[in-house]
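Undergrad: next comes the sequence, and after it the predicted model I'd like to discuss.
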Amino acid sequence: MKKGFLVLLLTSLFMTACSSSSNDSAKSESSGGSYDSSAASDEIAMEMPKEELSIAQNEELSNADKGADAQDIKITTDRMIIHQAHLHVKVKSFDKAQLTIEKKVKEYGGYIVESNIYRDTDETVSGTIIIRIPEKYFQTFINDAEKQAAETIGRNITGQDVTEEYVDLESRLTSKRAVEERLLDFMTDAKKTEDLLKISSDLAKIQEEIEVLVGRMKYLENQTSFSTVEIQMTETRVVIPGIDNKNLNTWEKTKKQFVDSMNFILAACSALVVFFVGNLPVFGLLVIILSVIFLLLKKRKRKDL
């Protein structure tokens with residue numbers, strides 16, 4: 001009886017050892033198998049593995065519970081707003097106002113994006129200056145620019161709040177970074193060329209998305225750290241003409257008029273000579289006809305007497 005019990009015990013131990021060894025071999029085969037692209041795609045679509053996502057959510061919830069008040073204060077105080085202003089002013093001296101504005105731009109650490117000047121007539125000068133000024137000097141610079149104006153025709157200030165968009169971009173970037181790190185870990189553990197190619201393709205897509213997010217965030221940071229101010233200036237001046245002695249040329253004009261008069265007289269005399277000499281036959285015939293008529297009339301008058 002005891003021998004049978006021992007045989008049964010040894011048999012069960014042997015079966016248990018075989019089962020554990022087969023499970024270990026199966027695990028080793030699965031760990032050394034090929035890279036599952038569909039699984040990686042699911043991770044990329046979710047932008048974070050489930051384990052990491054649950055941990056991140058727990059941490060986020062705990063942090064939200066612990067520091068909700070601090071987060072609210074940060075959101076209300078660190079708003080990201082894109083400010084733009086358009087001023088249309090009349091100035092007494094365009095050149096003086098332009099130099100003063102350029103001096104203020106340099107003083108506040110800004111820069112000029114575009115500058116145009118139009119001189120339609122001697123009495124009207126206008127121009128447009130587009131300026132990028134640090135956000136903290138935005139209102140101060142507008143006040144300084146309006147001080148240069150004799151009259152403010154138009155004033156338009158707009159603001160676009162991009163805080164929500166920037167926070168969303170930060171969150172998406174954090175998720176993409178986590179996926180990137182996960183793929184880099186996969187690439188380190190991969191042993192097959194096929195797996196490396198698939199992981200490299202997924203990694204390239206993630207890195208491209210990261211570059212797009214970073215570029216958009218940098219653009220928003222630039223737009224919110226520097227405000228845009230467009231100033232349209234117009235100067236209307238009264239031009240008093242002076243005495244222009246350069247264009248008188250009295251002596252030259254006198255000589256020209258004398259020569260023109262002589263040419264006219266000579267031309268008239270020439271025309272008369274041409275007329276009379278050229279028409280001598282006609283004049284001779286007319287003289288003969290008139291003479292005959294005169295003689296006939298004189299003869300008839302005598303007969304009447």
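TA: Perfect, I can see it now.
Undergrad: could you point out which element follows the longest helix that the chain contains?
TA: Of all segments of type helix in the chain, defined using DSSP state H, the longest is helix 193-225. Later in the chain than helix 193-225, the nearest helix or strand by DSSP states H and E is strand 226-236.
Undergrad: report the buried residues of that following strand.
TA: Using 16 or more other CB atoms under 10 Å as the test for burial, strand 226-236 gives 226-235. No exception for glycine: its C-beta is placed from N, CA and C like everyone else's.
Undergrad: now for the helix or strand hosting Asn143, which elements pack on it?
TA: Assessed by DSSP H and E, Asn143 sits inside helix 138-147. On a contact count with 3 or more CB pairs under 8 Å, 6 or more residues apart in numbering; DSSP states H and E, helix 138-147 meets strand 81-90, helix 94-107, strand 151-161, strand 226-236.
Undergrad: list the contacts of the second one.
TA: By that I understand helix 94-107. Helix 94-107 is touched from outside by 91, 111-112, 117, 125-127, 129, 131, 133, 141, 144-145, 148-149, 231, 233, 235, with contacts defined as CB atoms under 8 Å, 6 or more residues apart in numbering.
Undergrad: please pick the buried ones from these.
TA: 91, 125-127, 129, 131, 133, 141, 144-145, 148-149, 231, 233, 235.
Undergrad: thinking again about what came up before, pick the most buried one from the helices and strands packed on helix 138-147.
TA: When you average the neighbours per residue for each of the helices and strands packed on helix 138-147 (mean count of other CB atoms under 10 Å), strand 226-236 leads with a mean of 20.
Undergrad: touching, Ser115 and Glu230? I think so.
TA: No - assessed by CB atoms under 8 Å, Ser115 is found out of contact with Glu230, at 11.0 Å.
Undergrad: now Ser175: how far from Pro281?
TA: 118 Å (CB to CB, to the nearest Å).
Undergrad: looking at the two, which one has more neighbours?
TA: Ser175 (19 against 8; other CB atoms under 10 Å).
Undergrad: backbone dihedrals for that one, please?
TA: The phi/psi pair for Ser175 (degrees, to the nearest 10) reads phi -70, psi -40.
Undergrad: per-residue pLDDT, it?
TA: Ser175 carries a pLDDT score of 92 in this model.
Undergrad: ok so, going back, next, the angle strand 151-161 makes with the longest helix of the chain.
TA: 150 degrees (axes from the mean of the first three to the mean of the last three CA atoms, to 10 degrees).
Undergrad: just the angle between helix 193-225 and strand 81-90, please?
TA: 40 degrees.
Undergrad: counting by contacts, list what helix 193-225 packs against.
TA: Helix 193-225 packs on helix 37-46, strand 81-90, helix 163-189, going by 3+ CB pairs under 8 Å, 6+ apart.
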